[in-house]
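**Student:** Kindly return the folded structure for what I paste below:
(one chain, ligands or ions: 1)
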Amino acid sequence: MNTVEEIRIHDLIRNRRSTRAYSSKPVPAEALTALFEAARWAPSTMNEQPWRFIYADKNENPEGYNKLLECLFEGNSSWAQHAPVLILTIAKKGYSTLDVDYAHAWHDVGLATGNMLAQATELGLYVHLMGGFSAEKAVELLQIPEGYQPVVMATVGYLGDVNELPENLKAREAAPRTRKPLSELVFNGNWNNQAF
Ligand SMILES: Cc1cc2nc3c(=O)[nH]c(=O)nc-3n(C[C@H](O)[C@H](O)[C@H](O)COP(=O)(O)O)c2cc1C
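**Tutor:** Residues are numbered from 1 along each chain as shown. Okay, here's the model as predicted:
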């Protein structure tokens, strides 16, 4: 097996990152459609496709945008309010045809969201996912029906000027992206046999 240092991964994975510095440049409607189209082609349990999305573009639908913004906790809304588009991902909790728990619904919404991230990177867009929001508020303000559950919120837009961020966020932006080593994550055959 190659050493980890020699392994190349796709640029769409390598270059993606969660920025907090957004430009006010609008996101073209067709680019936004491409994100949802990419999400739509994710795999899902029994092809259930449990993902749903509520989005709002600040210019085109300011009222909807402000409702989404209101769902975010202050630590996120402070910078997220500069992104031209906000999205909420939602999971359908049950199967359409089976009366058993759809344990993988959130997993499958995550796969669809991952597709969106790759498509966004391809288009030069930056998506920042946020768990820091009120799901209860989202259900109420965005009229989400019974049987559906908010999963994650996201900002979408083009990269802005990092120097316009407040000092604490500027520092986070400049910090190197880090990940746990494969030796901590991957096992060969059983838990006690590190693969790397
Ligand atoms: C489900 C989920 C929830 C997250 N919640 C937040 C959040 O509330 N606020 C935030 O600033 N970043 C949030 N993030 C972004 C992570 O902090 C970020 O992905 C991680 O630090 C790795 O950085 P990178 O995406 O630039 O590689 C979230 C990411 C995920 C996947």
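**Student:** Those residues of this protein touching the ligand, which are they?
**Tutor:** 17, 18, 76, 129, 130, 131, 132, 152, 177 (C-beta under 6 Å from any ligand atom). From N, CA and C alone the C-beta is placed, and that goes for glycine too.
**Student:** I only care about those residues that end up buried; give me the ChimeraX line for that.
**Tutor:** Isolation of the buried members of the residues of the chain next to the ligand (16 or more other C-beta atoms under 10 Å) is achieved in ChimeraX through the command below:
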select :76,129,130,152
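**Student:** Excluding chain neighbours, what is closest to residue 119?
**Tutor:** Nearest non-adjacent residue to residue 119, counting by C-beta to C-beta, 6 or more residues apart in numbering: residue 38, 3.5 Å away.
**Student:** next one: residue 156
**Tutor:** Spatial nearest neighbour of residue 156, chain neighbours left out: residue 85 (4.1 Å); criterion: C-beta to C-beta, 6+ apart.
**Student:** residues in contact with that neighbour?
**Tutor:** Taking C-beta atoms under 8 Å, 6 or more residues apart in numbering as the contact definition, residue 85 lies against 27, 32, 55, 56, 57, 58, 65, 155, 156, 157.
**Student:** and the residues of the chain next to the ligand, which of them are in strands?
**Tutor:** 129, 130, 152 (DSSP state E).
**Student:** so the first one bridges to which residues?
**Tutor:** Per DSSP bridges, the residues bridged to residue 129 are residue 154.
**Student:** How about this protein: which residue is closest to the ligand?
**Tutor:** The ligand sits closest to residue 132 of the chain, with a gap of 3.0 Å, by C-beta to the nearest ligand atom.
**Student:** longest helix in the protein, by residue count?
**Tutor:** helix 105-122 (DSSP state H).
**Student:** what about the helices in this protein?
**Tutor:** 11-14, 29-40, 62-71, 74-80, 105-122, 135-141, 167-174, 182-185.
**Student:** Can you say which of these is packed in most?
**Tutor:** With neighbours defined as mean count of other C-beta atoms under 10 Å, these peak in mean count at helix 105-122, which reaches a mean of 20.
**Student:** Name the residues that touch that one?
**Tutor:** 12-13, 15-16, 34-45, 48-51, 89-93, 126-127, 129, 149, 151-152, 154, 156.
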